[in-house]
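# Curious how this folds, go ahead:
(chains A and B)
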Protein chains: 2
Amino acid sequence: MQSFEIDKSDLLKIKTALEGSDAELQAALEEYHASEIAILFERLPQEAKERIVNIMPVEVASEIISEMDEEAHPEDLLVSLDPEKRTEIVEEMDYDVATDIISQLDEQDQKEILDDIDHEDANSIRALLNYDEDTAGGLMNSQVICVNINADKKDALDDIIRQSEEMEEFYTIYVVDNDKHLQGIVSVKDIIKAKGEVKVRDLLQPDPVFVKADLDQEEVAKLISQYNLTSIPVVDDNMRLLGRITVDDIIDVMEAENTEDILKISGVSEDEELSGSWQDAIKSRLPWLIINLGTAFLAASVIRHFTDVEEKLPVIVAYLSIIGGMGGNAATQALAVTVRRISLSDLSDRQAYKTVVKEFLVGMTNGAVNGIIVMLFAVFYDKNPLLGVVLFLAMTGNLIVAGLTGAGIPLILKRVGIDPAVASSIIITTFTDCIGFLLPLWLASTLLL
Amino acid sequence: MQSFEIDKSDLLKIKTALEGSDAELQAALEEYHASEIAILFERLPQEAKERIVNIMPVEVASEIISEMDEEAHPEDLLVSLDPEKRTEIVEEMDYDVATDIISQLDEQDQKEILDDIDHEDANSIRALLNYDEDTAGGLMNSQVICVNINADKKDALDDIIRQSEEMEEFYTIYVVDNDKHLQGIVSVKDIIKAKGEVKVRDLLQPDPVFVKADLDQEEVAKLISQYNLTSIPVVDDNMRLLGRITVDDIIDVMEAENTEDILKISGVSEDEELSGSWQDAIKSRLPWLIINLGTAFLAASVIRHFTDVEEKLPVIVAYLSIIGGMGGNAATQALAVTVRRISLSDLSDRQAYKTVVKEFLVGMTNGAVNGIIVMLFAVFYDKNPLLGVVLFLAMTGNLIVAGLTGAGIPLILKRVGIDPAVASSIIITTFTDCIGFLLPLWLASTLLL
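Numbers count the residues shown, from 1 in each chain, chains lettered A, B, ... in the order given. All right, here's what the predicted structure looks like:
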């Protein structure tokens, strides 16, 4: 099986079916999984989406909207539906998914939807809307399977089956006391296998890994990954069980965080939608380019400062671009390795120190090797051995600076509590441009002229 | 709860305990989860690790080694153990984990370990060793819970409980026929709830999502994420069930693939270990830098070609670095968005075309805005309005080229079957450097001199 990709034939089939009767359309859609229809939706006009949602059974319609990508704006489809159908669909959704979608709407639309649906569902969704969407509370689903620590085997099993009616997956069963304080977990297997007069208390696995509702989603992802969990319970400040986060939600978090990292390190605003409009892309990228233009003027002012060197030794101009550019690339390498390392695990002071020393050594060696090549070129092509020495020193020096800034700046940002990925290559390369122009020009003016 | 980070106090506690008796050491370790001890291991000397593994109960020792990071080389610890202890530990491991660790050893060590352990375990691991580690077969665990399609309720439940003895998590229960052909899945909940004379066949959910053993692990991750699965069955060419891949393995795959992406796009070899030695870092990065040095000479040759322009209009030299550098940054932005988009979902021809058009528009607009700023600077600071016009045109042109190459090159690479992330910023920025030098120099020589 391959992951589903929209194929011209799929799209054609659906578009043809859209011209036929409702029954024909339903028959054509039958062979697709709800998440596949959600992907097809990215290529269909609004009226077609509305019509499909209207004719599908409510469970399928609800799943299609739940599976739609955030960038495909399921909330717009939801508000465009007939209120009665919309109510049925929202009531069928998992609370966490419904909350994510509804949170994208303005207050008036939110109120309208929540006033229409079942009172209990509405209250659960309203409670979830209060959590910041990037925290454990914003990720969690308040539907969990939990049993009382004092229940006996039969009651516990009945309870589990009753509660699991509304869930697709079992995951972990949480054990709570009479006030809903989290006590531990219990496995279904142990309950089924238990012989005789057994209480949940006897099968309890105490001290579960848990998170508070305000923990950042990235930390939640780290815990789930570190302890190999399939779900993690979310509690309030008094250890009362509020909900759980499952590993499939974490996969979406990881994808989003990784997109953010790769965009930030490349000087793109973290909330640019990958498939967004060109106007949005300009809004996200132009500010970074204008910041960079300011810093590029700074690097250019170094070149302006040494006009006498450039007049007396014009060939050096061609080498400036080489040394500046190589510094930028070496810094980008050191930056990528360091930012990724920080994002996977926090570094102790000693590890941070060792990282900077390592990048110094790497910069020195790579600088010397590339410096020798450039030197040989100056000696044999430009017949200027002294210029060769200047270029060797400048290349080595600039690649050392590149290593130190590429590793050091993200580590310092992390220490002072700023996201290290904002030390994008744009910022770092300014540094290496300035030093890459300054070193050869200054060395040449001192040693050659 | 926060994800576990090694704290000086933890390390001190363990180091002190290491000086005491085995009982004291065991007591000190008792408060840590196996995966926490695995993290502590990254900071302990080899003898300490061996001693800890030797005194811990075999289940814990096996879990510690299983949880060790690939970069911490658990295979080295394993071979250093006393053979008897090692056998117990390997027998306790999940097959997929044992295979991953053993695959890192040379053939002689592999043979020694496998000859010692239980015959059936050894055969399972040997079979898994045949699969490429980046494929579904390399990821899967051959221990699955499966029931026969013709079993009745009681037999099925007994079977599930018996098979689940050796597993920590339930996950999905697969249904097979007498020849182990995958027929579908069944939920424990449905079996428990079923009343009367019911067979597995009656509760079957047919047409499960599955993968072939040779499917690339990235595709497996996409499927798990797309269909929100907690596990996926792996089959051979005849649809016989071979094993299953669980979502927690996929989290590790996603982390590794994301590290690879961020490294490759930054011109670092994909298999550089983030915490590797400085010598390894040089091996991984120097080849890219030398390739870049070659292309930087190419860009520099453009500057050498127009020495007359630089002599007559020396101020243009400072602007070359600005226009070249801005092109590099704009190309990096377009590249990051496009590479990330491709890695999340494949683009149709129409989407690819629209992406290139979008980046053209973004490049033109951002180029024009930055071009106006540079033009104003040339007009008011350098008092050279005609140079201003040249710089405006060059900046706009270079940012258009940046957008087209940043988006176009990864899309073309993807079409011809090359990983688009190798179109690293190093390669792309050469292009924008050349054009960024060529445009202003050529325009100036045509329009100004």
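# in the stretch 101-250 of chain A, which spans are strands?
Secondary structure of the stretch 101-250 of chain A (DSSP state E, counting those that start in this stretch): strands at A:146-148, A:173-176, A:182-186, A:205-206, A:211-212, A:231-235, A:241-246.
# in which helix or strand would I find the closest residue to A:I89 other than its chain neighbours?
Counting by CB to CB, 6 or more residues apart in numbering or on different chains, A:S62 is the residue found nearest to A:I89 once chain neighbours are left out, at 4.6 Å. For every residue, glycine as well, the C-beta is placed using N, CA and C. Taking DSSP states H and E as the criterion, A:S62 maps to helix A:58-67.
# Show the subsequent helix or strand relative to that helix.
As assigned by DSSP H and E, the chain's next helix or strand after helix A:58-67 is helix A:74-80.
# which element follows that following helix toward the C-terminus?
helix A:83-92.
# Stretch A:222-235 - what's its average pLDDT?
For stretch A:222-235, mean pLDDT is 87.
# Straight-line length of that stretch, end to end?
One end of stretch A:222-235 to the other measures 18 Å (CA to CA, to the nearest Å).
# Could you confirm whether it reaches chain B?
Yes - judged by CB under 8 Å from any CB of the partner chain, stretch A:222-235 comes into contact with chain B at A:K222, A:L223, A:I224, A:S225, A:Q226, A:Y227, A:N228, A:L229, A:T230.
# Of the residues you listed, keep whichever come out buried.
A:K222, A:L223, A:I224, A:S225, A:Q226, A:Y227, A:N228, A:L229, A:T230 (16 or more other CB atoms under 10 Å in any protein chain shown).
# Surely A:L157 and A:A194 touch.
No - using CB atoms under 8 Å, A:L157 is not in contact with A:A194, being 9.5 Å away.
# which residues are common contacts for those two?
By CB atoms under 8 Å, 6 or more residues apart in numbering or on different chains, A:L157 and A:A194 have no common neighbours.
# Spit out the contact partners of A:N384.
With CB under 8 Å, 6+ apart, A:N384 has these contacts: A:V315, A:A378.
# can you pull the buried residues of the one helix or strand A:A28 maps to?
Using DSSP H and E, A:A28 sits within helix A:22-29. Using 16+ other CB under 10 Å as the test for burial, helix A:22-29 gives A:L25, A:A28, A:L29.
# Of those residues, which is the nearest to A:T259?
A:L29 (30.1 Å; CB to CB).
# count of residues packed around A:R415?
A:R415 has 12 neighbouring residues, counting by other CB atoms under 10 Å in any protein chain shown.
# can you check the one 10 residues further on too?
A:S425 is surrounded by 28 other residues when neighbours are defined as other CB under 10 Å.
# for it, what are its contacts?
A:S425 is in contact with A:I265, A:S266, A:G267, A:G328, A:A331, A:T332, A:L335, B:S266, B:N329, B:T332, B:S425, counting by CB under 8 Å, 6+ apart.
# A:S301 now?
A:S301 makes contacts with B:A318, as judged by CB under 8 Å, 6+ apart.
# run the last query once more with 10 Å
A:S301 makes contact with A:C434, A:F437, B:A318, according to CB atoms under 10 Å, 6 or more residues apart in numbering or on different chains.
# coming back round to it: and the helix holding A:S62, how far out from the chain middle?
Relative to the centre of its chain, helix A:58-67 is centred 24 Å away, using CA atoms, centre = their mean, to the nearest Å.
# Packing partners of it?
On a contact count with 3 or more CB pairs under 10 Å, 6 or more residues apart in numbering or on different chains; DSSP states H and E, helix A:58-67 meets helix A:22-29, helix A:34-41, helix A:46-55, helix A:74-80, helix A:83-92, helix A:95-102.
# Dump these to JSON lines, plus distance to B:S164 and mean pLDDT.
Shown next, in JSON lines, are the helices and strands packed on helix A:58-67 (distance: least, CB to CB, whole Å; pLDDT from 0 to 100):
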{"stretch": "helix A:22-29", "distance to B:S164": "37", "mean pLDDT": "89"}
{"stretch": "helix A:34-41", "distance to B:S164": "29", "mean pLDDT": "88"}
{"stretch": "helix A:46-55", "distance to B:S164": "40", "mean pLDDT": "91"}
{"stretch": "helix A:74-80", "distance to B:S164": "37", "mean pLDDT": "92"}
{"stretch": "helix A:83-92", "distance to B:S164": "31", "mean pLDDT": "92"}
{"stretch": "helix A:95-102", "distance to B:S164": "28", "mean pLDDT": "89"}
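# Break chain A down into its structural domains.
Here the domain parsing of chain A from automatic domain parsing is A:8-130, A:146-246, A:278-447.
# ranking the ones you listed by burial, who's on top?
Ranked by mean neighbour count, the domains of chain A are led by domain A:278-447 with a mean of 21 (mean count of other CB atoms under 10 Å in any protein chain shown).
# pLDDT averaged over that domain, what's the number?
Domain A:278-447 carries an average pLDDT of 91.
# same question, stretch A:110-118
Mean pLDDT, stretch A:110-118: 92.
# got the contact list for it?
Contacts of stretch A:110-118 (CB under 10 Å, 6+ apart): A:75, A:78-79, A:81, A:83-84, A:86-91, A:93, A:98, A:101-105, A:121-126, A:129.
# which residues in the stretch 251-400 of chain A form helices?
Listed in chain order, the helices of the stretch 251-400 of chain A (DSSP state H, counting those that start in this stretch) span A:278-305, A:307-312, A:316-344, A:349-380, A:385-415.
# now the ones you listed as JSON lines including distance to A:Q143?
JSON lines is the format used below for these (distance: least, CB to CB, whole Å):
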{"stretch": "helix A:278-305", "distance to A:Q143": "35"}
{"stretch": "helix A:307-312", "distance to A:Q143": "70"}
{"stretch": "helix A:316-344", "distance to A:Q143": "31"}
{"stretch": "helix A:349-380", "distance to A:Q143": "41"}
{"stretch": "helix A:385-415", "distance to A:Q143": "37"}
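# B:D280: which of those helices is closest?
For B:D280, the closest of these is helix A:349-380, at 9.6 Å, according to CB to CB.
# just the angle between that closest one and helix A:316-344, please?
160 degrees (axes from the mean of the first three to the mean of the last three CA atoms, to 10 degrees).
# where does the stretch 151-300 of chain A have low pLDDT?
A:166-171 (pLDDT under 70).
# Repeat the analysis, applying 90 as the threshold.
For the stretch 151-300 of chain A, the stretches flagged by pLDDT under 90 are A:153-173, A:179, A:186-198, A:205-209, A:218-219, A:221-231, A:237-238, A:246-277, A:291-292, A:295.
# So for chain A, the centremost residue is which one?
For chain A, A:E257 is the residue whose C-alpha lies nearest the centre (CA atoms, centre = their mean; 1.3 Å).
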